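A.B. asks: this is the structure alone, sequence omitted:
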């Protein structure tokens, strides 16, 4: 069963908004109190007692928050268990040195010194009907704007205040049975139409380089994102020079939302095509710790940090694989940009300007991103199982695609 969250904006009047702020502050206070008790137990090395701390806080706040107190304490317990899992990985040496696990923090705006309001409502204590969300325990009727594009069993409702946009948003999780795709309801997950594999190389100038094992290729341009990034970088710098931090935050939010829309819409288009081609396995290149590599130029560092949100993109690809019934396989990118798909040799100087890869043996120029996608597709295995030499033995059926689609 797939779990997805639908976010909608709440449209409330001043009176209702004031009630949300008051109620959200009590929820935040409840979180901070149970978190304080558990932090004290942790730092005093007496062991975190989830049951006792939950009972203490429940008795204190049940008259205000009703049964929803348990949702706050359990959400906090989830954060603590995640922290303990990271600690175990750290002790085993399975986390990189720059990741330092920290215990859950408080719901607090450090700049203003105020609590951050939020609400957590149990799945059976709210109802969605006729563009309204009804909070049964608090007798609140909240109008929402947006489309709930999911059908299935509802989970725990969360309502958060966005201090940059100055708006309230409701996050509604579902165990999804149906989803709207291209204005049509579709049951998910789907069943693949074939058993083909595809390799995807992520980049900057070309956001996605895609090579399907039947020779079909796609390139998704990343240049609009670069143009957006440098435009907003200039706007942010202007606002910073005037000391207008509210505008700086607003620019960042607009920029990131436009970036996310572009990437996700292109990913959806890509997976629609891959599904129709009969793809069942998706191999995606992952450049491990690329943002931590030293000696990068300022421009390259900016592009990697702001244009290549690899973790997010991989998570979106993984989510789409689940929806389309495909297998998601992350592949380390080592040598995928240097290995020639025509001769199978590693050319350290093969990558040229303007995204070209030149084979010095075959004297062919190819698109470097599609070369990477091809090598990601066949990394660690021989195409069609011909030989254990990997890309060195590309099947003859693919050579026309390499020479025609890849070669310029």
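C.D. replies: Right, received. Where do you want to start? This one's a predicted model, so the numbers in the text were calculated from it and none came from an experiment.

A.B. asks: what helix or strand is the residue minimising distance to the centre of the chain located in?
C.D. replies: Per C-alpha atoms, centre = their mean, the C-alpha nearest to the average position across the chain is that of residue 312, at 2.9 Å. With secondary structure defined by DSSP states H and E, residue 312 is part of helix 310-324.

A.B. asks: buried residues in that helix, which are they?
C.D. replies: Residues of helix 310-324 classed as buried under the neighbour-count rule (16 or more other C-beta atoms under 10 Å) are 310, 313, 314, 316, 317, 320, 321, 322, 323, 324. Backbone N, C-alpha and C define where each C-beta goes, glycine included.

A.B. asks: what packs against it?
C.D. replies: Packing contacts for helix 310-324, counted by 3 or more C-beta pairs under 8 Å, 6 or more residues apart in numbering; DSSP states H and E, involve strand 2-11, strand 196-202, helix 245-277, strand 279-286, strand 327-332.

A.B. asks: tell me which of the ones you listed sits most buried.
C.D. replies: Among these, ranked by average contacts under mean count of other C-beta atoms under 10 Å, first place goes to strand 196-202 (a mean of 24).

A.B. asks: and after that one, which helix or strand comes next?
C.D. replies: Using DSSP H and E, the helix or strand that directly follows strand 196-202 along the chain is strand 206-212.

A.B. asks: quick one: strands adjacent to the helix or strand following that next one?
C.D. replies: Scanning forward in sequence from strand 206-212 by DSSP H and E, the next helix or strand is strand 217-221. The strands beside strand 217-221 in its sheet (DSSP bridges) come out as strand 206-212 (antiparallel).

A.B. asks: what residues does the strand it pairs with touch?
C.D. replies: Where contact means C-beta atoms under 8 Å, 6 or more residues apart in numbering, the residues beyond strand 206-212 that reach it are 196-203, 217-222, 225, 263, 266-267, 270, 274, 277, 279, 355, 367, 369-370, 372-374, 376-377.

A.B. asks: indicate which one of the helices and strands packed on helix 310-324 is closest to residue 158.
C.D. replies: Residue 158 lies closest, by C-beta to C-beta, to one member of those: strand 2-11, at 8.7 Å.

A.B. asks: surely residue 53 meets residue 35?
C.D. replies: No: counting by C-beta atoms under 8 Å, residue 35 is not a contact partner of residue 53; they are 9.1 Å apart.

A.B. asks: so who does residue 46 touch?
C.D. replies: With contact set as C-beta under 8 Å, 6+ apart, residue 46 has no partners.

A.B. asks: 831 is where my numbering starts, stick with that
C.D. replies: Taking 831 as the first residue, the last one we looked at is residue 876.

A.B. asks: and it, what are its phi and psi?
C.D. replies: Comment: the main-chain dihedrals of residue 876 come out as phi -110, psi 0, following degrees, to the nearest 10.

A.B. asks: and the pLDDT for it?
C.D. replies: According to the per-residue confidence, residue 876 scores 93 in pLDDT.

A.B. asks: where is the longest strand in the chain?
C.D. replies: Selection of the longest strand in the chain by residue count, based on DSSP state E, yields strand 997-1011.

A.B. asks: name the residues of that strand that are buried.
C.D. replies: By neighbour count on 16+ other C-beta under 10 Å, the buried set for strand 997-1011 is 998, 999, 1000, 1001, 1002, 1003, 1004, 1006, 1009.

A.B. asks: low-confidence ranges, the stretch 1081-1230 of the chain, go.
C.D. replies: Within the stretch 1081-1230 of the chain, the set of residues satisfying pLDDT under 70 comprises 1118-1138, 1183-1184, 1210-1230.

A.B. asks: one more pass at 80, please.
C.D. replies: Judged against pLDDT under 80, the low-scoring parts of the stretch 1081-1230 of the chain cover residues 1117-1138, 1165, 1172, 1174-1175, 1177-1185, 1190, 1192-1193, 1210-1230.

A.B. asks: could you chop the protein up by domain?
C.D. replies: For the chain, the domain assignment from automatic domain parsing gives the residue ranges 832-1015, 1026-1236.

A.B. asks: quick one, which of those is packed in tightest?
C.D. replies: Of the domains of the chain, the one with the most neighbours on average (mean count of other C-beta under 10 Å) is domain 1026-1236, at a mean of 17.

A.B. asks: can you name the residues bridging to residue 1000?
C.D. replies: With DSSP bridges applied, the residues forming beta bridges to residue 1000 are residue 838, residue 989.

A.B. asks: pretty sure it contacts residue 972?
C.D. replies: Yes: the pair residue 1000 / residue 972 is scored as a contact, 7.2 Å apart, by C-beta under 8 Å.
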